[in-house]
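# this one's sequence-less:
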């Protein structure tokens, strides 16, 4: 009698996570608000001239450790979520021209509205559902996490109340959970609602934007908001465009192991809020493992925490400052 | 590692398909629910995490920070389970780290300060219902979420089967696996293991054990209530009917476990005799059915020359 070594498996029983192409570095050349946009003025060209040296520095700082060629892509974010913009046919060529005047090329143009909704997927909700709020001291799981709907903080809020008991409310300080001696307490508004319509906050969409650039979002195991090339001249409305538009057909991959953003100094508080949010996002383990294995194969040792893969250069003199 | 699994019959009049189970277990947008159909239908949610910052074990001297991982599963379209677990490790940092540090080590809590005495920690958690972390409360909430699903009718197909808890403690060691299993109360079981086992293997074994212990308990109680002990009869068969229709076919111990898990089940079953008790009870139920059938046939007038 022979013995048979048998095993049984079912496709639906396995976790399947599709991978996305990954560059080494995603460089954000700026973030444009409506009020900063003047296609005819010198502002845009000045902005890119200020950014260009930082891109050169990034090439050195984030190069692969083994001396192989850096795969880098550049991107630019347009705010079409909070304000109305001129048509893409006006804005995009103007941006490309201004970048070219500083020797830069915008590989991908992203729409802020695309961080809320992309390819029919409610990306912002998808990320919101993955928040694991950080616990304050003495959280043992007995009660559901203390959350303030629509807000996310990095600590324990000031105590409120007392009034209902007939006492004057006494102020107590809020407390940062991982404070080093003194607290820097931040409470971030994730969204607001009016007449049942939800408006996501700028920091929340910017957190989604970082996750997109790090290639970490999946919808039922498949990548979402992947870049697409479109014929921009025939498009009148931003809504007709994909979340991420590929402007340079020869560009390296949009998503990357690490991100680097050159932003106006006024984004400091927004980016602080972004980090408070990203500190509390639990990314799919399978995606993290996939990225870790690929980066290690290329000699990169990435920090395990996603916030540590995000880098900035903040400059008070570049476009976007009041 | 500490863990607690809660088991309960799904609050639904019949068994649910894997497609429904997928909808019930979709707690987050865009999540993938894994399913399988052999040897019985099975659906399992991805891991969810809960933040913890509390004293651990008995004596409560050690503060630990991190997350508990939990998942929900539906077996055979009818049995719902919520499993919560966390691995306790000694942290090298003397303070609480930024939250992203802990989220990048999901399902793990790290102690802050001096290294705990591991045996005390395990004893404390196993013994006291109140010693932190309260993984049972997390499992309870998750199971409630499953049971409140709009996919379900809200009433279980078999009445008076409760929610059972199985709490486990696993201390990793290089020696071969050893385990003890005990009935602490009507609804609480305690499993203690040592050995070189992966946390996931232990969690899956604990869930499988909890499911079969729950089935056995439900059958024992149903038989007790049925009047089988006091002679049986048509009323007994009527009372046993829901159990026969909805529970008996779920008994498939270790069916989905890997080789290590199967080995654990074999060892435990030898000591605790769960299978023996199950088989003997099922035989009694079937005998009762057979007797009742014969009785019914006897009361029907047979045609002549038959």
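Okay, I see it. A quick note: this is a predicted structure, and the numbers were derived from the prediction, not measured.
# OK, contacts around the residue sitting nearest the centre point of chain A?
By C-alpha atoms, centre = their mean, chain A has its centre lying nearest to residue A:210, at 1.8 Å. Neighbour list for residue A:210: A:259, A:274, A:278, A:310 [criterion: C-beta atoms under 8 Å, 6 or more residues apart in numbering or on different chains]. The C-beta positions use only the backbone N, C-alpha and C, and glycine is treated the same way.
# most neighbours among those residues, please name it.
residue A:278 (27 neighbours; other C-beta atoms under 10 Å in any protein chain shown).
# contact residues of the stretch 51-200 of chain B facing chain A?
Residues of the stretch 51-200 of chain B lying close to chain A (C-beta under 8 Å from any C-beta of the partner chain) are B:51-55, B:63, B:65, B:67-68, B:84, B:95-101, B:103-106, B:132-135, B:137-138, B:141.
# quick one on the thing from earlier: now tabulate the contacts of residue A:210 in CSV and tack on pLDDT.
Output for the contacts of residue A:210, formatted as CSV (pLDDT from 0 to 100):
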residue, pLDDT
A:259, 98
A:274, 97
A:278, 97
A:310, 97
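# leaving out sequence neighbours, find the closest residue to residue 157.
This is for chain A. Nearest non-adjacent residue to residue A:157, counting by C-beta to C-beta, 6 or more residues apart in numbering or on different chains: residue A:174, 5.2 Å away.
# I was thinking of chain B, sorry if that wasn't clear
Residue nearest to residue B:157 in three dimensions, not counting chain neighbours: residue B:246, with 4.7 Å by C-beta to C-beta, 6+ apart.
# doesn't the residue nearest to the centre of chain A lie inside a helix?
Yes: counting by DSSP: H, G, I helix; E, B strand; the rest coil, residue A:210 is found in a helix.
# show me where the chain has strands.
Since you didn't name a chain, this refers to chain A. Secondary structure of chain A, counting by DSSP state E: strands at A:23-32, A:72-78, A:108-111, A:151-153, A:155-156, A:175-176, A:187-189, A:191-194, A:197-200, A:218-219, A:222-223, A:244-246, A:256-264, A:310-315.
# meant chain B actually
B:2-9, B:34-36, B:42-44, B:48-56, B:62-75, B:79-90, B:108-112, B:164-172, B:178-185, B:188-195.
# next up, phi/psi of the closest residue to residue A:129 other than its chain neighbours, please.
In space, and not counting its chain neighbours, residue A:129 is closest to residue B:28: 4.0 Å by C-beta to C-beta, 6+ apart. The phi and psi values for residue B:28, taken as degrees, to the nearest 10, are phi -130, psi 150.
# so who does residue B:28 touch?
Residue B:28 is in contact with A:126, A:129-130, B:46, B:48, counting by C-beta under 8 Å, 6+ apart.
# circling back: check the gap between the residue nearest to residue B:157 and residue B:156 for me.
9 Å (C-beta to C-beta, to the nearest Å).
# just to revisit the earlier point, which residues touch the residue nearest to residue A:157?
A:153, A:155-158, A:183, A:185, A:187.
# on that earlier part again, most neighbours out of the contacts of residue B:28, which is it?
In those, the most neighbours by other C-beta under 10 Å go to residue B:48, 24 neighbours.
# picking that back up, which one of the strands of chain A lies nearest to chain B?
Closest of those to chain B is strand A:218-219, at 4.1 Å (criterion: C-beta to the nearest C-beta).
# does chain B sit close to the closest one?
Yes: Strand A:218-219 comes into contact with chain B (C-beta under 8 Å from any C-beta), by way of A:218-219.
# contacting residues around that strand?
A:17-18, A:121, A:126, A:224, A:284, A:287, B:29-30.
# just name the closest of those residues to residue A:60, please.
residue A:287 (28.7 Å; C-beta to C-beta).
# ok, now how distant is the residue nearest to residue A:157 from residue A:201?
19 Å.
# want to try CSV for the strands of chain B, with mean pLDDT as columns?
Formatted as CSV, those follow (pLDDT from 0 to 100):
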stretch, mean pLDDT
strand B:2-9, 96
strand B:34-36, 94
strand B:42-44, 96
strand B:48-56, 94
strand B:62-75, 95
strand B:79-90, 96
strand B:108-112, 95
strand B:164-172, 94
strand B:178-185, 92
strand B:188-195, 94
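# where are the low-confidence patches of the chain?
Defaulting to chain A. A:1-3, A:7, A:161-169, A:319-322 (pLDDT under 70).
# the chain in question should be chain B.
Those would be B:58-60, B:129-130, B:299-306, if you go by pLDDT under 70 across chain B.
# which residue is nearest the middle of it?
Central residue of chain B (C-alpha atoms, centre = their mean): residue B:210, 3.4 Å from the mean position.
# mind listing what's buried along the lengthiest helix in chain B?
Taking DSSP state H as the criterion, chain B has its longest helix at helix B:199-226. For helix B:199-226, burial by neighbour count (16 or more other C-beta atoms under 10 Å in any protein chain shown) applies to B:199, B:201-219, B:222-223, B:226.
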